[in-house]
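[1] Compute the structure for the input listed below.
(chains A and B)
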There are 2 protein chains.
Amino acid sequence: MSKKKDVVSKETMLVADWQALMRIFIRPDTEATRSILVKYMGQILFGLHDFLKNHVGFTEEISLKDLSGRFTDTLINKDPEKKLADVITDLIEDIAPYGVNTASPYFVGHMTSAIPFFMVHLKTIVAALNQNVVKLETSKVASIVEKQVLAKIHRLIYQKDDAFYNEHVQNTDSTLGCFVEDGTLSNITALWVARNVLLAPKEGFEGIEQQGLHAAYRAYGMERSVILVSRLGHYSFRKAGGLLGIGNHNIIAVDLDENNRICIDSLNKTIKEIKQDSGKTGIIAIVGIAGTTETGTVDPLYKLGEICAENGIYFHVDAAWGGPTMMSEKYKHLLKGIELADSVTVDGHKQFYMPMSCGMIYFKDPSIMDNVIYYANYINRPSSVDLGMKSLPGSREATSLILDSALKIMGSNGYALLIDHGIETARKFAEMIKQRPDFELTTPPELNILTYRMCPADIRKKLSAADSEEKRNINKRLNEINRRLQIMQRESGKSFVSRTTLRIKKFPGEEIVVLRCVIMNPMTDMNILGKILDEQEGIYKNNFE
Amino acid sequence: MSKKKDVVSKETMLVADWQALMRIFIRPDTEATRSILVKYMGQILFGLHDFLKNHVGFTEEISLKDLSGRFTDTLINKDPEKKLADVITDLIEDIAPYGVNTASPYFVGHMTSAIPFFMVHLKTIVAALNQNVVKLETSKVASIVEKQVLAKIHRLIYQKDDAFYNEHVQNTDSTLGCFVEDGTLSNITALWVARNVLLAPKEGFEGIEQQGLHAAYRAYGMERSVILVSRLGHYSFRKAGGLLGIGNHNIIAVDLDENNRICIDSLNKTIKEIKQDSGKTGIIAIVGIAGTTETGTVDPLYKLGEICAENGIYFHVDAAWGGPTMMSEKYKHLLKGIELADSVTVDGHKQFYMPMSCGMIYFKDPSIMDNVIYYANYINRPSSVDLGMKSLPGSREATSLILDSALKIMGSNGYALLIDHGIETARKFAEMIKQRPDFELTTPPELNILTYRMCPADIRKKLSAADSEEKRNINKRLNEINRRLQIMQRESGKSFVSRTTLRIKKFPGEEIVVLRCVIMNPMTDMNILGKILDEQEGIYKNNFE
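    Numbers count the residues shown, from 1 in each chain, chains lettered A, B, ... in the order given. The predicted model follows:
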């Protein structure tokens, strides 16, 4: 007993001297100390979980202001102040309770949800191996696995034949895609490549990457370049426009059709207008969205692919959300045309249910990333497996090991069950909303996202009889109700839906505040969704009626 | 016994149906199944470790080609093919052996090294919580902790007073810095901000972020903008130049002085030349390096800060490597002047010994990131704690929890022990190299990085007597020897140093292949370094003599 205690205190003592420091680098060899470290993992796996189980987490038991007030000390302690055991306890008892329980089936507001528990093990393996896939010398097999996993998802999207994949899967000169931090960086990578393709090297010009945008416009007789995406495009496209030097005003927001998809007529009109500009405006890319952030709608990808092909325009698909739908035999047709894209964004931490954070970008042409290649003497040597030579980031963790393992554990059919559940539950939920007199469905689900708003029967009646100015006033009032209702529900801590502002065909020119549900947690069922609506009705009755 | 077995098989069964799928989302409540999941963590913590202990990992027991040949299947299995237990075993037995043991004290070639074992626990906590710090609604306290940790490191760099930090630490309008994937993205973020500061909105111009580089140049009467950095600047600066639309040719590589630091005379001359350009060329930033990737040298930061202040130029410091030296009372003077920087890059996965991957960027002015602000309806609302509104990525994991905990466990003194060990061991190693007749020290360590080459006594004698053409020929031969020697040592799998190509004052106009050592693992001692040199001597004798 006393021996064990001694081991514990040695193992968990503060890092104050060289001996203690060395101990934290040498993983212990004795059974007793090993078992303590494993016990901590148990605390992490279940202590956190047990706590979160009872909280959706966005409670206002303590206000944000009071919470912030607890985290204002800005001096780093010179001496160690805590042992690992205490740090873990603190995280479980003092931090987790004020985090957000994204894993709750009542948390249906954002694209962050429960993940299978094995994902935590897989992330732990990646941390324990601590490979850096920027270069072969710090990763070796992890770089090779990454190339294989990229090929697997590439094949899911593009369905090329065996010969294609045999040629490219482990070819050091081929790049089928890249792992980056998230979907924003994926979209930026795609548009970076697209920009460089449009403004490629030619006689007397070394290329935009080398000489810059100003020289590129001069070489091509251009004054502007644009990217076309629907009004529901993710804000990362504007960010990409700013970052890449194009200017975010040149991300042209194309109008929507009545189903919240990009309006093909508007798009064609825009292309035509640009073409009348005597070549002064270049189109870097047209973007199709497979699952818009706000409404989950899918643009007509096949049609967009045809338009791009006809006009020789780069075609990018943002499938950060919807990509994994391709694993569902039942619903993959919703993404028809994605295979025409020059590049496709897919997020791992969304519908691949991976832990934060994992973005991916895929390219139809295995050599197109040569447009953004960088070498360095000490790293990233030509024709090597050094993955960093064609990626926006440098150092990266071996995230591909997680996806590779998850695909083996789940199979595409396992993922399909999740996808199908989300889509079908969202459809049933839409029906439920329609049947409740106090709610109005604002956008039906195409994938597994829908929006609606509190619009009580009496107000709705008034709304339908109102003239356009009265309509605006009623909608203003409804906006305020829905805005406050979402905050109240969030702060009561039992469930969470998000809110956004949409323009809806029904109310031209108006900004409508809507509630937004993302159904991706397999534990979210109709019973839970019913309770969420009940709670909202209750909040309305108690506060607004 | 049979009961336990039953539990095991249920818990680890393949995810083939809805019931099985649900089970992987609900963390188990029975002791038996919990203990299995914890046992897996034990396997991960120690199974991996035990295997790696005996391998540096870059062996050629199996060639890269043969290894690649094992990872060519590109079809995702429809049905699950493996249980979690098998996946973990596979990773330990079939993947880890072909990874790289970056944790070995014999692995002294790159900036990836051993990490304290508690880092794996901390990373696991982050995965288990699975917060998304892009917005408060999916992170809450994690965003608040991030703001606090950023303030702590900001204070380490800038040493502002209590009043400053009290005002800004939890101020929703203030941004002291940002976590990004790695140092490359940190440098890109800094130069993105710097570009936008130079080409800011003014009468009749909305700013480069909005209108783009071409319009910006027109508004400012410019034709070119440049970034000045020493020849040893990280390749991410060229990448930033390409990405930001400036053109990577406009990243001007300034000459070095005899100590591999940026040559102040050359820099002043360059600035003067640019200024004679009647304002047609703008200087976006001057970059100082605190620990160059190849030689670990530190630019004269204070002097650079003065030059930038005099000329009204943005000053960025790339301290991705050297930043944590600030925690060493003994050596922090080496970074004097870093507090003058407008922005500073620091990597967490380097000398903060965090797991892959964590980059950070810090800004002196808490409002300067307003130059890259983006809002969206469903996220990132003005004056909120939504951290995503001013970061290059969107979704991000709560990496700050790891750094925060590590600072508490280690204290700055704990980190100082590591820093001091690295610098002092590197100095002793330099002496050892000088005393061995077959080696030549090519760049002495200023921090904890040095370069040298195999240059046997007889060849060195010839070299000193040779004319310049003979010198070039001898150096060519030496380059080939050192290149092959590094590969042979790497492939023998016992130890690892890296190699790069440097220009050295001694041999003007020549490219010299050198061996590069990064001393950051506290277990790397003089005995081990001696053995690494012995091995190199052996390889030379057996293959080149």
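[2] Number of residues surrounding A:Ala200?
    For A:Ala200, the tally of surrounding residues (other CB atoms under 10 Å in any protein chain shown) stands at 16. Heads up, the C-betas are built off the backbone N, CA and C, glycines and all.
[3] go on, A:Gly312?
    Using other CB under 10 Å, the number of residues around A:Gly312 comes to 8.
[4] again, but for A:Gly279
    Here the neighbour count serves as a burial measure; for A:Gly279 (other CB under 10 Å) it reads 11.
[5] now swap in the one 3 residues further on and tell me
    When neighbours are defined as other CB under 10 Å, A:Gly282 has 22 of them.
[6] Look up phi and psi at the closest residue to it other than its chain neighbours.
    Leaving aside its chain neighbours, A:Gly282 sits nearest to A:Ser225 (4.2 Å; criterion: CB to CB, 6 or more residues apart in numbering or on different chains). Dihedral pair for A:Ser225: phi -140, psi 150, per degrees, to the nearest 10.
[7] who touches A:Ser225 in this structure?
    Applying CB atoms under 8 Å, 6 or more residues apart in numbering or on different chains to A:Ser225 gives the contacts A:195, A:198-199, A:217, A:246, A:250, A:281-284.
[8] what's the spacing between it and A:Asn196?
    To A:Asn196, A:Ser225 is 11 Å away according to CB to CB, to the nearest Å.
[9] where in the stretch 301-450 of chain A is pLDDT low?
    Within the stretch 301-450 of chain A, the set of residues satisfying pLDDT under 70 is empty.
[10] Over to chain A?
    Along chain A, the parts satisfying pLDDT under 70 run over A:1-16, A:51-61.
[11] Show me what residue of it gets nearest to chain B.
    Distances between chain A and chain B by CB to the nearest CB are smallest at A:Gly245, namely 2.1 Å.
[12] From what I see, A:Gly322 and A:Gly291 are in contact.
    Yes - between A:Gly322 and A:Gly291 there is a contact under CB atoms under 8 Å: 3.0 Å.
[13] which neighbours do the two share?
    A:298, A:447.
[14] Tell me which of these two has more neighbours.
    Regarding A:Gly322 and A:Gly291, a neighbour count based on other CB under 10 Å identifies A:Gly322 as having more, with 30 against 27.
[15] Can you give me every residue that contacts the more buried one?
    The contact partners of A:Gly322, taken as CB under 8 Å, 6+ apart, are A:290-291, A:296, A:298, A:334-335, A:351, A:447.
[16] returning to what we had before: any idea how far the residue of chain A closest to chain B is from B:Asn479?
    39 Å.
[17] ok, the two, which is more surrounded?
    Neighbours of A:Gly245 and B:Asn479, each counted by other CB under 10 Å, are more numerous for A:Gly245; the result is 27 against 18.
[18] so the more buried one, which of the three states?
    The three-state label given to A:Gly245 by DSSP: H, G, I helix; E, B strand; the rest coil is coil.
[19] Spit out the contact partners of it.
    The neighbourhood of A:Gly245, defined by CB under 8 Å, 6+ apart, consists of A:212-213, B:208, B:212-213, B:244-246.
[20] Which residues of the stretch 251-400 of chain A lie near chain B?
    Residues of the stretch 251-400 of chain A found near chain B, taking CB under 8 Å from any CB of the partner chain as the criterion, are A:293-294, A:327, A:347, A:349, A:355-357, A:359, A:372, A:374-380, A:385, A:392-398.
[21] And the buried ones among the residues you listed, selectable in ChimeraX?
    Remark: buried members of these, expressed as a ChimeraX selection using 16 or more other CB atoms under 10 Å in any protein chain shown:
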select /A:293,294,327,347,349,355,356,357,359,372,374,376,377,378,379,380,385,392,393,394,395,396,397,398
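[22] which one is A:Ser383 nearest to, not counting chain neighbours?
    Spatial nearest neighbour of A:Ser383, excluding adjacent residues (CB to CB, 6+ apart): A:Thr172 at 5.2 Å.
[23] actually A:Leu334, not the one I typed
    The shortest distance from A:Leu334 to any residue that is not its chain neighbour, by CB to CB, 6+ apart, is 5.5 Å, and that residue is A:Val298.
[24] Could you pull up phi and psi at that neighbour?
    Note on A:Val298: its backbone torsions stand at phi -110, psi 130 [degrees, to the nearest 10].
[25] give the contact list for it.
    For A:Val298, the contact set (CB under 8 Å, 6+ apart) comprises A:261, A:289-291, A:322, A:334-335, A:446-447.
[26] secondary structure element for A:Val317?
    Under the criterion DSSP states H and E, the helix or strand holding A:Val317 is strand A:315-318.
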